[in-house]
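Undergrad: sequence unavailable; structure follows:
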């Protein structure tokens, strides 16, 4: 049967990316308390395509991904990308895996338990001939409460507050738990958010948020300081507030690169 | 050229709906201050299909809609549906038109102006032989601030609040302005939301919200009372709070049918 | 601590629904081949609220749901709703659970395996004092290929085809497997869709689709006949084609109620 | 009244971006046939924030944007950003404006007219002291039909095809019409898509697509060649196919930088 994708291409245009998007799969990831966690993911997988190839063989991405689905720890994810790169004879292979990560979280006073969901993304890249240069980033998005310092300072009573979300994207150089990054981010906000709050908990988080006002800019800077203090060599932090007094959002973003990485 | 859609169907299954979804168009609607307003809409248009027709001619929906796009007031919208019903020889034709409706709104103290956007939907239906039975509903979704009565009552300082949205769906029996429904809903919330707020405005809305706490259930009931007081014979109200202390939402819903409509 | 929600309400407006939306949880559901399947879900949970109650206690929904998360088969889902109804002293409790359901599917010629994801929804309702009147519906959304009969009939070569999706919503009266409904729907389309297709498979599905053209109206009717033939007493079917020649979609919808149900 | 945002910050962390997201506005843009076009947009507006400022004054973004809304041609958009940069005393100001752009398009044989909608984005950036270094990019997303060359070559009849979308992002150095970019992209696909197609048109586009098969990789390369031939000095092209035989998408991406720009 003719192999059209394999034909020579003469247009002399290399492609940065060719591959598949939106592949939905059940996956298993590491969990600090329970060792493994079952969740569901959407994967995007690409290779670079040299100018002289007409197309890539997209079915091979899925064949290879399918083999690895039951264990997508960091090392296995990069191994999966390496196998894709080799089978498709590409310079580079890269991909992302986005999934909800669940933690059973206790309410701060009553101790009532409920599940919280945090969106996470793995991003990996492998290159031909430079195994040590492979890159791996983990992103974690954490919903939080933010209370406005300006509103509190100028108002005789109350202060506007809202749900916000913080996204931290971290270069992976040594092992860390997603759970620890989530706790670090929640500590920088006016308050973390919870699935179950009894009245005594609601009083606690209301007062805590009132006592710890942060602008979206403050929140980015506090998370930045905490991550830099944990030794990450390259990361970015963004925060977005779903303002309770507006129908648009407030946003801030910062990046860090350690001197030796720059 | 053969007309497959027009062939007889022998499966004896009438279809409630056959038509098109997701038709994006620029449209013009009525505006209380400026007479007309230019906006953009997404239309879904359907007819009922008798059991003996294999298919409907979907291009005709767009041909007819295209003629009416420059004036989609209520009367014209129903006229458009009547023409679709006749051309496609159907018992019923119905459709929806969803669009952002814009109002230039003043901040409560400084008077600073900014545009607010409110999602609106028209829903119309016409039936063969019963012109007076045509139905028309208008839905308006209004973003608001809600401040939690429980949090305020039990906390020594502050109270959690958040952006919420209220959707009112109203049977159209006599003329009303969308602008008036929006103002009515905002009056029932802890506060309306704004595009531009200077510091004196932020103080005002923070304190107003603190002084007017509402549960999502209260908000639905207040809007219900206000709409019933305005003479609407059939409507529903829903409210959803994007809780600042949770990652899920609080929700309430009620319906009203006047005795003479039931 | 004061219980504001529990206060008397004098506005005399009962609420159809009060509750929580967007609760994200890992869950376990039944699987024909593997007995159980781990997946992730979003739950919406409501009770009706009598006119004389100011508010509902939303934390209780999550406390109860949390206990049931590890087994959300039909019986357990209704049991969970019953417990919510009792604890909140409501006339009715109802809820939905939406989740991706995964099946390892073989390519039609090569037998290559890949995971397919199908969106499913459980909807349940329980009422006070009438345990047998509880209602349970299962919805399954199946992506398919549809090839246009008109395009094929009038064109000298080729025929436009596209990805579509069919949603079947079924009243649950006796046990069935989600896997069987998916297979039934795929059999009615021009072709099912797959995660992995080698070239011999691609040839097979291309030719099969060309040999089995269906309008969106045909697809709804074929699924309707197949479901009625399987004894379901109440169901609806909708189909939507992401037309390859348009930027809008074609849509059809039908409902069935058995005479004894009507 | 105290100005908290204006306080000194001692954390020594400059922010890449601080600003507002999701501002919905009616806007007016240039139109080749009708001179101006009314549409609706969502704006994101940012400034860089030096390490020594605690926060930015977000209300000023909206005050300034509000003044410019009635004419958001390129020059005015950069002028708006310059005014934001100056008022907020920032090194850089940047923003995006995303809107549907409408064209009344004729069917290829019947000449029947319908509106097509294309998502467009303006991206601008201005820097202190280097007016000539301001950057402006325009992105246009064009829905198209793609027919698979492999499926056609290996199948005895038919070929799978689907709706795809192509996004071209172009550095603006001299004037061009969005309409011309759309036409250029549609010429590279198996076929453009239409709102209204009568049967004679459907035959035409079916056969044209069958005669012009393109992989997603081919589509990117053809658009790349056409844009390079039009003298653009910096651009990227991406294409995504909503595969009719899969539930995931095929994707390709390429970038071009002219030698003098690199």
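TA: Yep, that arrived. This is a predicted model, so every value here is computed, not measured.

Undergrad: around chain B, which positions in the stretch 51-200 of chain A sit nearby?
TA: If contacts are counted using C-beta under 8 Å from any C-beta of the partner chain, the residues of the stretch 51-200 of chain A sitting beside chain B are A:116-117, A:143, A:145, A:147-148, A:150-152, A:154-163, A:191, A:193-195, A:197, A:199. C-betas here are computed from N, CA, C, even on glycine.

Undergrad: among those residues, which ones are buried?
TA: Listed as buried from those are A:116-117, A:143, A:145, A:147-148, A:150-152, A:154-155, A:158-163, A:191, A:193-195, A:197, A:199; burial here means 16 or more other C-beta atoms under 10 Å in any protein chain shown.

Undergrad: so which of the residues of the stretch 51-200 of chain A next to chain B sit within helices?
TA: A:150-152, A:154, A:199 (DSSP state H).

Undergrad: so which of those residues comes closest to residue C:44?
TA: Checking these against residue C:44 by C-beta to C-beta gives residue A:199 as the nearest, at 23.5 Å.

Undergrad: who touches the closest residue to the closest one other than its chain neighbours in this structure?
TA: Take residue A:199 and drop its neighbours on the chain: the residue closest to it by C-beta to C-beta, 6 or more residues apart in numbering or on different chains is residue C:1, 5.1 Å away. If you count contacts by C-beta atoms under 8 Å, 6 or more residues apart in numbering or on different chains, residue C:1 has them with A:199-200, A:203, B:154.

Undergrad: other residues contacting stretch A:104-111?
TA: Under C-beta under 8 Å, 6+ apart, the answer for stretch A:104-111 is A:33, A:112-116, A:192, A:194-198, A:200-201, A:203-205, A:208.

Undergrad: for PyMOL, what selects the buried ones among the residues you listed?
TA: A single PyMOL command is used to select the members of the contacts of stretch A:104-111 judged buried by 16+ other C-beta under 10 Å:
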select buried, chain A and resi 112+113+114+115+116+192+194+195+196+197+198+201+203+204+205+208
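
Undergrad: what about residue A:70, distance to residue C:46?
TA: Taken as C-beta to C-beta, to the nearest Å, the spacing of residue A:70 relative to residue C:46 amounts to 37 Å.

Undergrad: and residue A:183, by the same measure?
TA: As defined by C-beta to C-beta, residue A:183 lies at a distance of 32 Å from residue C:46.

Undergrad: the more surrounded of the two?
TA: Higher neighbour count among residue A:183 and residue C:46: residue C:46, with 26 against 14, using other C-beta atoms under 10 Å in any protein chain shown.

Undergrad: neighbours of residue A:168, how many?
TA: Neighbourhood size, residue A:168 [other C-beta under 10 Å]: 24.

Undergrad: so it is in which element?
TA: When elements are defined using DSSP states H and E, residue A:168 is found to belong to strand A:161-171.

Undergrad: which parts of the stretch 151-262 of chain A sit against chain D?
TA: Counting by C-beta under 8 Å from any C-beta, the stretch 151-262 of chain A sits next to chain D at A:153-154, A:215-218, A:220-221, A:224-225, A:240, A:247-255.

Undergrad: residues in chain A within reach of chain C, list them.
TA: Residues of chain A lying close to chain C (C-beta under 8 Å from any C-beta) are A:1, A:3, A:23-26, A:37-40, A:59, A:62-63, A:66, A:69, A:100, A:102, A:112-115, A:117, A:195-200, A:203.

Undergrad: so which of those residues are in strands?
TA: Secondary structure defined by DSSP state E assigns A:23-26, A:37-40, A:100, A:102, A:113-115, A:117 of those to strands.

Undergrad: and chain D, which of those reach it?
TA: Under the cut-off given by C-beta under 8 Å from any C-beta, chain D has A:23-24 from these close to it.

Undergrad: among the ones in strands among the residues of chain A next to chain C, which two are most distant?
TA: A:23 and A:113 (32.9 Å).

Undergrad: the lowest-mean-pLDDT helix or strand in chain A vs chain D: in contact?
TA: Ranked by mean pLDDT, DSSP states H and E, the helix or strand of chain A with the weakest confidence is helix A:74-87, at a mean of 92. No. Applying C-beta under 8 Å from any C-beta, one finds that helix A:74-87 is not in contact with chain D, the shortest distance being 14.4 Å.
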